[in-house]
Every structure is written in C-alpha cells, then in structure tokens.
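> Got a sequence here, can you model it:
(one chain, ligands or ions: 1)
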Amino acid sequence: MENNNFILQEILDFKNISYQLGSNLSLVQAAGGNTSMKSNDSMLIKASGTWLSNSLKENVFVEVDLNSIKKKINNEQDDNFSEDIISKNDLRPSTETSFHALIDFKYVFHVHSTSTIANAISFNSAINLKKQLGDNFAFIPYIRPGFPLTMSMKNIIKPGVQIIILENHGLIVAGNDLEKTYELLLNTHKKLDVIMNNNFSFVEESTSEDIDEYQLKNDKKYNFFKTTDERFFSAFSKSFYPDHVIFLGPGVPTFENAQEALNFLNKLKDKNLNLPPYIILKGVGLYEQNSAIPAAKEMIDCFLEVLLRTNFDEELKALSESQENELLNWDAEIYRQSIN
Ligand SMILES: [Zn+2]
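Prediction:
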C-alpha cells in the first residue's frame, strides 16, 4: 500500500488473515464482515461493498485518518468519513468504520459468525452466552449498524474487552497480536457452534410445484426448509440480522401452497417490483429465483446455518418491521448493495 504508516510485511499478513476470514462462509458471507489494522495515525479498513474473500487479489482496503475519525466519535458527529480517506483508490470506508476506530486495539475483526448470530437472537441471549463464554465479553443490544451502534458501544464496552457480541448481528474480536486475535475469533465461534436442530420432520418426495422464474432447491442440504413443523416454519419468514434484510429482503416469503405464491408473485410483477431471490412453499421447500445474485446465495446458506444452530425452546427475537425499514432506507446500505 501507498505510505509509511505500516510495514509492508504487516500489511501482507493482515491481508492474508482477512482473506482467510472472508473465505470461511460460516464467518463471512458476501460483502459482510470487515477487518481493520491501526498505526498511530491511520487505519486500514475494508471498503464498503467489497468482499473480504477478495483481500489477496484486489484492493479491498482503504486507509483513513484515524485521529480525525476518533475526534468525530468523541463529538458524536455522524459521518461517512469520505473526507478522512488517505488512499487514492475510489473506495469508500465500510459502513462499520466508526466502531473499528473506537476500539482501542491494533486489530479489529468483525464477522457475521453463524454460531454467534444463532446464540444472539433470543430474549435470553446475554444470560445464555455467559454460560458458554464466561464473563470476558461485552454484549451490545441490537441497534442499527453504523453510527448508532458505535455510540452505543462507546457507552458499554470497558477498556481491555476483546470479545464483543452484537445482538441480532454478529461478533467483534480485537487484539494487538494478529495471530492471537484470529485464534480468539475462531475459538469463540467454535465454542458456540452447536447444531441444535438435526431432527426435523419433512416429506422426502413432496410433489414439487412449478413456479415460473424459480427453481426448487433439491439439494439435501436444504431439507430443513421442507419442514412443516410450525415453530421452524414460522421463523422462515422472519429476519434476525441486518444482512439478511439487505440481501434477501425482510424475511423469506412463505406460502401454504403454490397458488398463494403465484398470486403474490403476480402482484409484484404487475407493479414492476423486484421478485424476492427466495420463497418457501410449505412442505415442498426452498425455491431460488433464476437471477438470484451470488450475495443472496451466500446469505440463504447463512440463514440455514443460523437456524440449524438456534435453540427454538427460547423465545426468539426477530427484527421488527421498523428495524427492517431503517436498514432498507439507509443511504450507506443502498450504496453497499448497489455494488454487489
Ligand atoms: Zn456487521
């Protein structure tokens, strides 16, 4: 990279770990997740809309003025930090830049770990997480990502805390040693990684229904979406974390039968609205729209991993309609989505 704030080897090692995080679908899906590295005066952070999995083959990082961003956080001044960019590569810093600057460690890794999300979407999450992880983590109640999240973290996290769990969102791990921080992240993910829902009832050979512009996903992996068990089925149409809303829409539409689905899709077509990348027919399974983008495909797999690890004996906490709407109408998100 272009300046004297970082040692070249340090940048290579950081990019390598970023690539490894980005290549692990249980941790990072599509343009989600972000990593950063600080020097005294600047911070290298993943750019908005770019994929961590591309860390080694293209430029996905932006260098920003750390002190200027810290000053804005202290003054509670919401900003997209475009004036703080040092790099000359036409990229914008991640929508989650402000919390990276806030956390006082050299390395900050933020992932949408499926096991962490599965354990952070019930009303008892904070208590249950303590049983699994001990006391050495901070728990941040759900708030829209971006500046509101950073302001909330500023009030909650105590100095020295290296593990931060974001309710209905994901995991942040920070540290001053690259390898140890990476290990801490993997260990935290692993401790929470328990499949809870191996046993679900479904009809193996259901009568598949033809739906124009959609294909039934017949891969065994998606059998969970064939279940008619009401407590699972009712969760399919809900959204539990921001990127689900951004890339799949607010919940995957579910239908009791094909006619219901056709009526819904025809209404969207009449109004020239985008068709949802996925729909679910009760007892039949998951249908993928023919032009579903790669980001949506990674996000449906994320949803499946989360649901298989969710304890359905707990009362689950889905995002509310107003929380979904504030995500969909957030300018920074519209930009991020536009480059995917
Ligand atoms: Zn996030």
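> quick check: domain ranges of this protein?
8-191, 214-308+310-338 (automatic domain parsing).
> Redo the ones you listed as JSON lines? Include mean pLDDT, distance to Ser208 and mean neighbour count.
For glycine as for every other residue, the C-beta is placed from the backbone atoms N, C-alpha and C. JSON lines is the format used below for these (pLDDT from 0 to 100; distance: least, C-beta to C-beta, whole Å; neighbours: other C-beta atoms under 10 Å):
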{"stretch": "domain 8-191", "mean pLDDT": "96", "distance to Ser208": "27", "mean neighbour count": "19"}
{"stretch": "domain 214-308+310-338", "mean pLDDT": "92", "distance to Ser208": "5", "mean neighbour count": "17"}
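> Would you format those as TSV with distance to Asn197 included?
Output for the domains of the chain, formatted as TSV (distance: least, C-beta to C-beta, whole Å):
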stretch	distance to Asn197
domain 8-191	10
domain 214-308+310-338	5
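> Indicate which one of those domains is closest to Phe200.
With distances scored as C-beta to C-beta, the stretch of the domains of the chain nearest to Phe200 is domain 214-308+310-338 (4.4 Å).
> show me what contacts the residue lying closest to Phe232 once chain neighbours are set aside?
Leaving aside its sequence neighbours, Phe232 sits nearest to Phe200 (C-beta to C-beta, 6 or more residues apart in numbering; 6.2 Å). Going by C-beta atoms under 8 Å, 6 or more residues apart in numbering, Phe200 touches Asn223, Phe224, Thr227, Asp229, Phe232.
> And the pLDDT for Phe200?
At Phe200, the model reports a pLDDT of 83.
> Could you do the one 5 residues further on as well?
Looking at Glu205, its pLDDT is 70.
> That one belongs to a helix, doesn't it?
No - counting by DSSP: H, G, I helix; E, B strand; the rest coil, Glu205 is located in no helix; its state is coil.
> Please report the distance of the residue nearest the centre of the chain from Met299.
In the chain, the centroid-proximal residue (C-alpha atoms, centre = their mean) is His112; its distance is 4.1 Å. Distance of His112 to Met299, computed by C-beta to C-beta, to the nearest Å: 9 Å.
> what's the answer for Pro159, then?
35 Å.
> now do Gly33
Counting by C-beta to C-beta, the gap from Gly33 to Met299 is 12 Å.
> what's the answer for Leu316, then?
Distance, Leu316 to Met299, by C-beta to C-beta: 19 Å.
> Run through the helices of the chain in chain order.
8-22, 66-74, 97-102, 114-118, 125-133, 147-156, 178-191, 230-236, 242-248, 258-270, 294-308, 321-328, 331-338 (DSSP state H).
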